[in-house]
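Undergrad: let's see this in three dimensions:
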Amino acid sequence: MTIPARRSLRDDTSWVLGPLMELPHVIHAAVISGDGLIEGRSPNLERDAAEGVAAMLSALQGAARTTTAAFAGTFEARLRQTVVESDHGWVFAIPAGENTTLAVFAGPDVNMGVVTHQMQVQVASLGAKTMSTPARNDTTT
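TA: Got it, this is the predicted structure:
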C-alpha cells in the first residue's frame, strides 16, 4: 500500500502575497490564522513584527465580529473586511477561508479599491489551491 505524503499543518502561503506586493503603496502583507499564527508573510516583514501583527489582528478580527453581531443583533452577520486608518497608512483585513485572514498594510496614498479587489482575487486563488491540495493523512487508523 502506498501512503501519500503528509502535508504540513501550516503550509507556507506566502506565494499568495506576491501580486499584492506589486501594487503601488503596499508595504507589507500577511496570511494569518484565526489563532494568531503567521501562515505567510511578505519578504520585507520581519518575523517578530509579523508575529505581533498576527496576534493583534486575530484579536481585532474577533472584536470586529463581536461588534458587528452586537450592532446587527444577530450572530449570523459575516465579517467581510476590517479597515484601520492611521497617519502611517491603512490596514486591510479580509477573511480568507476557514479560520484565516489576509492582511495588507499600505501607505496613505494607496488606492483602496484596487488593493481590496486584488485581495479578493488572491483569496479566491488561495481557496482554489487549498481545495486542490491532497488531504493530510489520517493518523487515527
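Undergrad: quick one: Arg80 from Pro95, how far?
TA: Relative to Pro95, Arg80 is positioned 7 Å away (criterion: C-beta to C-beta, to the nearest Å). Placement of C-beta: from N, CA and C, glycine included.
Undergrad: neighbour-wise, which of these two wins?
TA: Pro95 (18 against 11; other C-beta atoms under 10 Å).
Undergrad: not counting sequence-adjacent ones, nearest residue to the most centrally placed residue in the chain?
TA: With distances taken as C-alpha atoms, centre = their mean, the residue of the chain nearest its centroid is Leu102 (1.8 Å). Of all residues not flanking Leu102 in the chain, Ala96 sits nearest, at 4.1 Å (C-beta to C-beta, 6 or more residues apart in numbering).
Undergrad: can you list the low-confidence ranges for the chain?
TA: 1-12, 128-141 (pLDDT under 70).
Undergrad: ranges for the strands of it?
TA: In the chain, the segments counted as strands under DSSP state E are 26-33, 38-41, 82-86, 89-95, 100-106.
Undergrad: on that earlier part again, and the gap between the residue nearest to the centre of the chain and Leu45?
TA: Applying C-beta to C-beta to Leu102 and Leu45 gives a distance of 13 Å.
Undergrad: hey, what's Ala30 bridged with?
TA: Arg41, Ala103 (DSSP bridges).
Undergrad: for this structure, longest helix please?
TA: Longest helix of the chain, by residue count under DSSP state H: helix 47-72.
Undergrad: so what's Ala106 up against?
TA: Leu23, His25, Val26, Ile27, Gly89, Trp90, Phe92, Val115 (C-beta atoms under 8 Å, 6 or more residues apart in numbering).
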